[in-house]
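Peer 1: Dropping a prediction and its sequence here:
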Amino acid sequence: MVDLTLSQRSRQILEAIVEDYIATAEPVGSSTVARRHAMSLSSATVRNVMASLEELGLLASPHTSAGRIPTDKGFRLYVDSLVGLRTITHTEKKQILKRCRETGGDLTDLLREASRTLSSLSNYTGIVLAPRFTTGMFRQIEFIRLGSRRILAILVTCNGAVQNRIIESEQDFESEDLLRMSNYLNSALEGLTISQVREKILVEMEQEKDSYDQLMLKALNLSRQALPDEQDEVYIAGQSRILEQPEFSDVSRMREIFKAFEEKGRLVQLLSNCMQAQGVQIFIGSETPLKEIAGMSLITSTYMTGANTIGLMGVIGPTRMGYSTVIPIVDYTAQLVSRLLTER
């Protein structure tokens with residue numbers, strides 16, 4: 001939080017400038033502030049206050065313009081202590097609920113639709129980081145014979161996440177054997193997280209092999225091949241909406257931003273860092289620890305899938321973002337997704 005003591009007049013003028021800049025993307029002049037916000041102040045008085053705010057690093061003068069624009073520090077003070085959050089409307093709530101429920105409860109579809117909904121309602125880029133698959137609780141594994149030495153392994157967690165993997169086996173198995181393997185594993189691995197499943201399988205395979213039925217050893221080997229790598233899935237929607245923002249008309253700047261979206265590994269790292277604290281978090285401009293999207297803001301909120309498994313969702317847009325509208329949308333969507341996932 002920016003720790004500055006401002007007079008009521010300075011706070012009002014800063015708030016007016018931020019909100020005008022959000023609305024127009026143009027530098028804001030003193031006469032515009034005095035006229036548009038019906039302040040009983042002269043343009044000269046407003047201009048003096050603006051000069052003081054600039055000295056404090058809250059405003060900046062772009063090029064030779066007589067107007068001012070908020071700095072990252074100015075936006076931070078606005079978000080922390082000046083912005084009045086808009087109440088999310090009943091219509092918006094219904095739209096979010098309808099779109100999320102239409103996914104039929106499938107985790108992947110729900111999270112992908114959540115990113116689209118966030119983008120649609122905010123007019124910026126929606127982003128959702130799925131909970132790491134390996135933190136989910138094991139529910140069941142199923143092996144399906146596809147043909148000679150080809151097996152489809154279906155791994156399901158308690159929160160409904162599904163991983164499918166085709167295994168090229170060293171030998172052919174009958175469907176009856178695959179069923180026996182599935183039943184054995186589902187009993188032996190019950191109550192463990194996927195990470196714990198991986199550890200248990202490796203430990204048991206290292207133990208004295210003579211203590212196992214040969215078929216069960218083969219079941220352990222197949223399940224080891226079926227386990228997913230430690231990786232995160234991120235869903236992004238509405239990247240092109242950034243093109244609609246006038247401050248991103250520079251082609252080279254846009255290339256950097258889209259490159260950041262394509263390099264999902266770095267994006268996942270950024271979002272994972274945002275999960276250090278639960279609830280809504282706001283990163284403004286230079287506070288965003290990914291240089292390709294410097295000059296943009298990120299509003300995120302954690303969501304729960306049950307059993308303390310956490311994911312993250314949010315919106316990426318310009319620092320000139322409609323914070324009063326976007327913050328409630330991100331917060332409500334995260335709470336709704338949490339409720340839908342824990343009700344299953």
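Peer 2: Looks like it came in fine.

Peer 1: give me the number of residues near Gln8?
Peer 2: When neighbours are defined as other CB atoms under 10 Å, Gln8 has 7 of them. C-beta here means a position set from N, CA and C on the backbone, and glycine is covered the same way.

Peer 1: With Gly285 as the reference, measure out to it.
Peer 2: 26 Å (CB to CB, to the nearest Å).

Peer 1: can you check Pro328 too?
Peer 2: When CB to CB is the yardstick, Pro328 and Gly285 sit 21 Å from each other.

Peer 1: Kindly report the same for Asp177.
Peer 2: Per CB to CB, Asp177 is found 59 Å from Gly285.

Peer 1: which of these two has more neighbours?
Peer 2: Gly285 (19 against 15).

Peer 1: That one and Lys291 touch, don't they?
Peer 2: No. Between Gly285 and Lys291 there is no contact under CB atoms under 8 Å: 11.5 Å.

Peer 1: just the strands in the stretch 101-250 of the chain please.
Peer 2: 125-129, 138-147, 150-157, 162-168, 234-237 (DSSP state E, counting those that start in this stretch).

Peer 1: TSV for the ones you listed, including mean neighbour count and distance to Met296?
Peer 2: Shown next, in TSV, are the strands of the stretch 101-250 of the chain (neighbours: other CB atoms under 10 Å; distance: least, CB to CB, whole Å):
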stretch	mean neighbour count	distance to Met296
strand 125-129	27	9
strand 138-147	17	39
strand 150-157	18	33
strand 162-168	13	32
strand 234-237	19	14
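
Peer 1: Of all those, which one comes closest to Ser252?
Peer 2: With CB to CB as the criterion, Ser252 lies closest to strand 125-129 of these, at 18.9 Å.

Peer 1: Just say helix, strand or coil for Asn48.
Peer 2: Secondary structure, DSSP: H, G, I helix; E, B strand; the rest coil: Asn48 is helix.

Peer 1: quick one: low-confidence ranges for the chain?
Peer 2: Within the chain, the ranges that satisfy pLDDT under 70 run 1-4, 38, 64-65, 105, 208-213, 228-232, 306-309, 344.

Peer 1: Which segments of it make up each domain?
Peer 2: Domain segmentation of the chain under automatic domain parsing yields 8-82, 90-132+232-343, 134-226.

Peer 1: middle-most residue in the protein, spatially?
Peer 2: Met313 (2.8 Å; CA atoms, centre = their mean).

Peer 1: For the closest residue to that residue other than its chain neighbours, which residues count as its bridge partners?
Peer 2: Computed as CB to CB, 6 or more residues apart in numbering, the closest residue to Met313 that is not its neighbour in sequence is Val128, at 4.3 Å. Val128 has these beta-bridge partners by DSSP bridges: Tyr235, Met313.

Peer 1: Verify the stated contact: Val128 with Ala114.
Peer 2: Yes. Using CB under 8 Å, Val128 is in contact with Ala114, at 5.2 Å.

Peer 1: quick one: common contacting residues for the two?
Peer 2: 235, 313 (CB atoms under 8 Å, 6 or more residues apart in numbering).
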